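Novice: my questions are about this predicted structure, shown below with the sequence.
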Amino acid sequence: MQGILPYLFSAILYAAMGTYFWRRHWSAATLPESPGTNAIAEKLCMLALLGIHGALLFGTMFSGGALRIGVGDAVSAILWLAVLIYWVGGLFYRLEGLQALIMPAAAIAVLLPALFPAARPLPNAELLAFKLHLLISMLAYSLFTIASLHVLLMAMLERRLHRGALPAGLRTMPPLLTMETLLFRIIWAGFVMLSLTLASGVVFSEEVFGRAAQLNHKTIFGIVSWLVFGALLFGRHVHGWRGRVAVRWTLTGFLMLVLAYLGSKFVVEILLGRG
């Protein structure tokens, strides 16, 4: 019971922050007072949460002097990176509304390593090719997680604008066209990381096993996700795709990506118990 308490405490803090952001930006009837002062305090609170979450992740992933990454650790690490990327991006862009979406997801993710611990260390974790592949893939997942939340935020904002019921706390958000431009920048960054993930996976397979990467369900879903995001970027550049089309393609690509890695790990480790 004591082992789960730090994770539960972190989840409560994330949930409390998510509730605060929702009330401040999504349900506020009037504009928040002293936005500059509050923004600094919010940044510091999020940074403290990132520090706590990161320390917990380090403790579970490197327990016993070996690298252990189960499905719980993977999801938690991806959301930690997503919050970190969002925190850094928030220094340059106004993305207040996204906080209320990413905090609840992080609250769930921070609990998962305690609920679904890795059963055994990862093999070949000492190889540089594997470390680079792991880091790049985590960055790709994190960027596409942010892109998916960002596109949901845009859809919610557009719906409220059509209803004429935009909360006061969101009236300082950038125009939807500006947010759409930022969305495709995030997708481009994620697409580059995903391309490197697939390429580094081939390099890692050849370095360790002496053969090219196998065409299994993980590889197939990864390639399908790459094709979906590639088609979205092509459609954006050639046909000017936007709005609902961008929403559908982004969420479809993200779902394929989830099935590629996390889906397979969930089936093997949780349902089949072969962690």
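Specialist: Structure's in. What do you need?
Novice: C-alpha only now, for contacts and for neighbours.
Specialist: Will do.
Novice: can you map out the helices along this protein?
Specialist: Remark: helices assigned in the chain by DSSP state H are 5-21, 35-61, 71-89, 99-109, 112-115, 128-163, 176-209, 217-239, 243-258, 264-265.
Novice: may I see these arranged in TSV, with mean neighbour count as well?
Specialist: Output for these, formatted as TSV (neighbours: other CA atoms under 10 Å):
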stretch	mean neighbour count
helix 5-21	19
helix 35-61	15
helix 71-89	22
helix 99-109	22
helix 112-115	19
helix 128-163	19
helix 176-209	17
helix 217-239	17
helix 243-258	19
helix 264-265	18
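Novice: and those as a markdown table, adding distance to Pro121?
Specialist: Shown next, in a markdown table, are those (distance: least, CA to CA, whole Å):
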| stretch | distance to Pro121 |
| --- | --- |
| helix 5-21 | 21 |
| helix 35-61 | 9 |
| helix 71-89 | 12 |
| helix 99-109 | 20 |
| helix 112-115 | 14 |
| helix 128-163 | 14 |
| helix 176-209 | 16 |
| helix 217-239 | 20 |
| helix 243-258 | 22 |
| helix 264-265 | 14 |
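Novice: can you say which of those is nearest to Ser27?
Specialist: Among the helices of the chain, helix 5-21 comes nearest to Ser27, with 9.2 Å by CA to CA.
Novice: what does stretch 230-248 contact?
Specialist: 151-152, 155, 180, 184, 188, 191, 249-250 (CA atoms under 8 Å, 6 or more residues apart in numbering).
Novice: which one in those is the model shakiest on?
Specialist: Lowest-confidence member of the contacts of stretch 230-248: Ala155, scoring 86 (pLDDT).
Novice: and that one, how far from Arg236?
Specialist: 17 Å (CA to CA, to the nearest Å).
Novice: next one: Tyr14
Specialist: For Tyr14, the distance to Arg236 equals 35 Å [CA to CA].
Novice: need the contact list for Met156.
Specialist: By CA under 8 Å, 6+ apart, Met156 has no neighbours at all.
Novice: change the start of the numbering to 82 and stick with it
Specialist: Will do, 82 is the new start, and the previous item becomes Met237.
Novice: and the end-to-end length of stretch 282-302?
Specialist: Stretch 282-302 stretches 14 Å from its first residue to its last (CA to CA).
Novice: mean confidence for it?
Specialist: 69.
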